[in-house]
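Enquirer: Structure for the following, please:
(chains A, B, C and D)
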Number of protein chains: 2
Amino acid sequence: MRSHRLTGARSCGQIAPTINAVRTPTLKDVAKAAGVHPATASRALNPDTRKLVNAETARRVQKAASALHYTPNPIARGLKTAKSSTIGVVIPDLTNPLFPPIVRGIEDALGPTGYSALIVNTDSDQARERAQVESLLLRQVEGLVVATALLEHPLLSELHQGGTRMVLVNRRSDNLDVSSVLPDDAGGIDQAIRHLAQLGHRRILHLAGPLSTSTGTTRALGYHGAIRSQGLEADPALVVPCAQWSEAAGAAGLRTALDAGTSFTAIVAANDLIALGCYDVFAERGIDCPDDVSVVGFNGIPFLDKLRPPLTTATVPLHRLGSEAAGMLLETIAEPDRPARSVLLAPVLEVRGSTAKARRAVGSRR
Amino acid sequence: MRSHRLTGARSCGQIAPTINAVRTPTLKDVAKAAGVHPATASRALNPDTRKLVNAETARRVQKAASALHYTPNPIARGLKTAKSSTIGVVIPDLTNPLFPPIVRGIEDALGPTGYSALIVNTDSDQARERAQVESLLLRQVEGLVVATALLEHPLLSELHQGGTRMVLVNRRSDNLDVSSVLPDDAGGIDQAIRHLAQLGHRRILHLAGPLSTSTGTTRALGYHGAIRSQGLEADPALVVPCAQWSEAAGAAGLRTALDAGTSFTAIVAANDLIALGCYDVFAERGIDCPDDVSVVGFNGIPFLDKLRPPLTTATVPLHRLGSEAAGMLLETIAEPDRPARSVLLAPVLEVRGSTAKARRAVGSRR
DNA sequence: CTGAAAGCGCTAACAA
DNA sequence: TTGTTAGCGCTTTCAG
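Expert: Numbers count the residues shown, from 1 in each chain, chains lettered A, B, ... in the order given. As a prediction, the model looks like this:
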């Protein structure tokens, strides 16, 4: 590709040609223009080493640099410093509506720092995840934001031991001393159960997420705790784990409960997609929501307010989940020896049309 | 960061330590192990230059490479070749549900080739776009997939003249000799109008997209053509352009039409978000969809089938839009002199609950 | 405080 | 066919 760059002149209202098809200026050019050695120019331009150089000289170099529209070549810098100003973002699948807001949060936090994010999708496949992470490491990413954590996650343990900087987002792993940014899972479920209890629900079904994930177990634990503290009916049949965080798995879970004859008047789904799966089963079986049964989701993915009926859900600040995680990763990169810490972000229950007063129970075959 | 890498041994069922915290092997190490000069090793390992080296030697080098788990350092390679195995993806906003499927299409097409994508969001802001593109160019991306094209787009013209390889996706620009992958906008609208005509609708409102975009104008043109070919009422008041591709703009557009007293029994929205904006206005004004008015969207973003009512829409193969675009960009990079070409992907009308037989008209104040 | 020199890992002339 | 040499653009010793 022909060498080229944008000067940004147009956006500054200048008259200069907006494209310069000439060789992009290098540090040597700046040095020559400023009448100093490239090494001095490097020092002058680098915030960390600027203090090593005469203030006057530094100013001259900076002037020359901006006059030439010099911008350092991150590849060359990366080769020397073994850094890349790049981080990796590991998610299950970008088309899952949970992740775009998180990814934007990451990108927005990274933007001002000069770092960029390389995103990979694992499709929740361990082999694929390993290959993808390997390719990120190959590209010399300086760290990883990981949204795919399982409670038992050999790959993450290996990476951590290998010295890879990382931050977990949304989910965490057991026995892994790594920083994380998580929703307050138990708190969110507690709000949901309280809300349903106030509406008079006594038998609440929990469609749990995969128990291989922290979100799955913590929300299930939260369910048990809240049921107890609200004095509601605690029946083991009222908890059905779903194999995936998907509509299909949610639908399957609900069908299981229904077919088992479990009776309940409300459902707390472990996430929004599982709740959406319930909608499909309602249609299949002629169940009316919220008249026959109420449903609450978790996460607050977009467009839930336009569903039939609008879904009540524990809304997680997803963008902030991402931006906090990116910020923490940058901290970890800058100060590797800082101890790991975890941030919990509080969900807010958004009450919509899928929850209403308890009436007759569904599935009362028993 | 401590040097480290994954061997992938675990996934292969080997016993070797899965993490090697030692210095990652370089080409020189491989050369030494194979008893050749680094340059020879480079030639042997590079598919393009392999034929320049003795087959026997090549095999020896490759054996040494895999024994050491050697993987070339793309940064170093990039510095030398001024290439980066990276492309840039320029989109308005990842949280717009239109884009994740396209981006995944791009990533999936790139995956096997060793290229990675750097994604930037412009928020439809020209200055931000310029800055973001500049940062991509700085990172030596070898080309751009651009989803933000306007009919008049100075930045893209500059880039094209500057020699930047690119492919436009979803939208195109006027007077820009660049390859593109687009939905068949007119064809999709034609299907929508036909469907509505069959349901007995005669006065159909078009909530057009921004006319600064090819999707906006082409869909509007498609609307006019289809109205004519179906012999429906052609009233200038029946076309209202929206300032953005958003729910808010769609709602505003519909309010404008309603307040002007324009009468119609159906709406063809230029995209799904504009159609969703209509839903808000229906709620505001007590309009029943589809009893009072039918609505059709465009694109087929996810979860439309769960709306109240489920939205009929012209479904675009979004994933393929992305994968085709990525493929074409790779072609362009490999053979820069190939003439630009355009691919049109056919939408499929997905009929759902938001369209029904025409009844009384709304807004019949005139 | 600044210059000289070396080298990050790789590839591309040029020689041999 | 292979080795030698040089250098991509930058940072970082080490001298001066």
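Enquirer: drop to CA atoms for contacts and neighbour counts, all remaining ones
Expert: Noted.
Enquirer: Do a quick rundown of the strands in chain A.
Expert: With strands called from DSSP state E, chain A shows them at A:5-6, A:19-20, A:86-91, A:116-121, A:144-146, A:166-169, A:179-183, A:204-208, A:239-241, A:266-269, A:294-299, A:312-315, A:342-345, A:348-350.
Enquirer: so residue A:296 touches residue A:312, yeah?
Expert: Yes. Using CA atoms under 8 Å, residue A:296 makes contact with residue A:312 at a distance of 5.0 Å.
Enquirer: overlap in contacts of those two?
Expert: A:354, A:355 (CA atoms under 8 Å, 6 or more residues apart in numbering or on different chains).
Enquirer: In terms of packing, which of those two has more residues around it?
Expert: residue A:296 (31 against 25; other CA atoms under 10 Å in any protein chain shown).
Enquirer: for that one, what are its contacts?
Expert: A:192, A:267, A:268, A:269, A:272, A:275, A:311, A:312, A:313, A:314, A:354, A:355.
Enquirer: for the first one, what are its contacts?
Expert: Translated: residue A:192. A:268, A:296, A:313, A:314, A:349.
Enquirer: Likewise for residue A:145?
Expert: By CA under 8 Å, 6+ apart, the neighbours of residue A:145 are A:87, A:88, A:89, A:90, A:166, A:167, A:168, A:169, A:325, A:326, A:329.
Enquirer: now those in JSON lines, with distance to chain B?
Expert: What follows is the contacts of residue A:145, written out as JSON lines (distance: CA to the nearest CA, whole Å):
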{"residue": "A:87", "distance to chain B": "11"}
{"residue": "A:88", "distance to chain B": "11"}
{"residue": "A:89", "distance to chain B": "11"}
{"residue": "A:90", "distance to chain B": "13"}
{"residue": "A:166", "distance to chain B": "11"}
{"residue": "A:167", "distance to chain B": "14"}
{"residue": "A:168", "distance to chain B": "18"}
{"residue": "A:169", "distance to chain B": "18"}
{"residue": "A:325", "distance to chain B": "18"}
{"residue": "A:326", "distance to chain B": "16"}
{"residue": "A:329", "distance to chain B": "12"}
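Enquirer: Now rank those by neighbours and give me the top one.
Expert: Busiest of the contacts of residue A:145 [other CA under 10 Å] is residue A:326, holding 32 neighbours.
Enquirer: Next, count neighbours for the nearest residue to residue A:345 once chain neighbours are set aside.
Expert: Spatially, and ignoring its direct neighbours in sequence, residue A:345 is nearest to residue A:183 (4.7 Å; CA to CA, 6 or more residues apart in numbering or on different chains). Residues near residue A:183, counting by other CA under 10 Å, number 22.
Enquirer: Among the strands of chain A, which comes closest to DNA strand D?
Expert: Among the strands of chain A, the nearest to DNA strand D by CA to the nearest atom of the strand is strand A:5-6 (12.6 Å).
Enquirer: Tell me the pLDDT of residue A:69.
Expert: pLDDT for residue A:69: 88.
Enquirer: how far away is it from residue B:240?
Expert: 44 Å (CA to CA, to the nearest Å).
Enquirer: before we move on, the earlier item: pick the most deeply packed of the strands of chain A.
Expert: Mean neighbours per residue, mean count of other CA atoms under 10 Å in any protein chain shown, is largest over these for strand A:266-269, with a mean of 30.
Enquirer: lowest-pLDDT helix or strand in chain A?
Expert: strand A:19-20 (a mean of 36; mean pLDDT, DSSP states H and E).
Enquirer: and which of the contacts of residue A:296 is nearest residue A:50?
Expert: For the contacts of residue A:296, the minimum distance to residue A:50 (CA to CA) is 48.8 Å, reached by residue A:314.
Enquirer: For the closest one, which residues are in contact?
Expert: A:188-189, A:191-192, A:296-300, A:347-350.
Enquirer: Residue A:250: which of the residues you listed is nearest?
Expert: Distances from residue A:250 to the contacts of residue A:314, taken by CA to CA, are shortest for residue A:297, at 11.0 Å.
Enquirer: Excluding chain neighbours, what is closest to residue A:100?
Expert: Sequence neighbours aside, residue B:95 is the residue nearest to residue A:100 in space, at 5.2 Å (criterion: CA to CA, 6+ apart).
Enquirer: Now do that neighbour against residue B:351, distance only.
Expert: In terms of CA to CA, residue B:95 sits 25 Å off from residue B:351.
Enquirer: circling back to that earlier point, of the contacts of residue A:192, which pair is most distant in space?
Expert: Spanning the widest gap among the contacts of residue A:192 are A:268 and A:349, at 12.3 Å by CA to CA.
Enquirer: neighbours around whichever residue of the stretch 101-250 of chain A sits closest to DNA strand C, how many?
Expert: For the stretch 101-250 of chain A, the residue closest to DNA strand C is residue A:138, as judged by CA to the nearest atom of the strand, at 10.1 Å. When counting by other CA under 10 Å, one arrives at 17 neighbours for residue A:138.
Enquirer: Check residue A:233 too.
Expert: By other CA under 10 Å, neighbour count at residue A:233 equals 14.
Enquirer: residues from chain A in reach of DNA strand C?
Expert: Residues of chain A lying close to DNA strand C (CA under 7 Å from any atom of the strand) are A:35-40, A:51-55, A:57-58, A:76, A:79-81.
Enquirer: Check these one by one and keep those near DNA strand D.
Expert: A:38, A:39, A:40, A:76, A:79, A:80, A:81.
Enquirer: Kindly present these as a markdown table, with separate columns for neighbour count, distance to residue A:104 and pLDDT.
Expert: Compiled in a markdown table, those are given as follows (neighbours: other CA atoms under 10 Å in any protein chain shown; distance: CA to CA, whole Å; pLDDT from 0 to 100):
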| residue | neighbour count | distance to residue A:104 | pLDDT |
| --- | --- | --- | --- |
| A:38 | 18 | 38 | 91 |
| A:39 | 12 | 37 | 90 |
| A:40 | 22 | 38 | 93 |
| A:76 | 17 | 28 | 89 |
| A:79 | 18 | 28 | 87 |
| A:80 | 12 | 30 | 87 |
| A:81 | 9 | 28 | 85 |
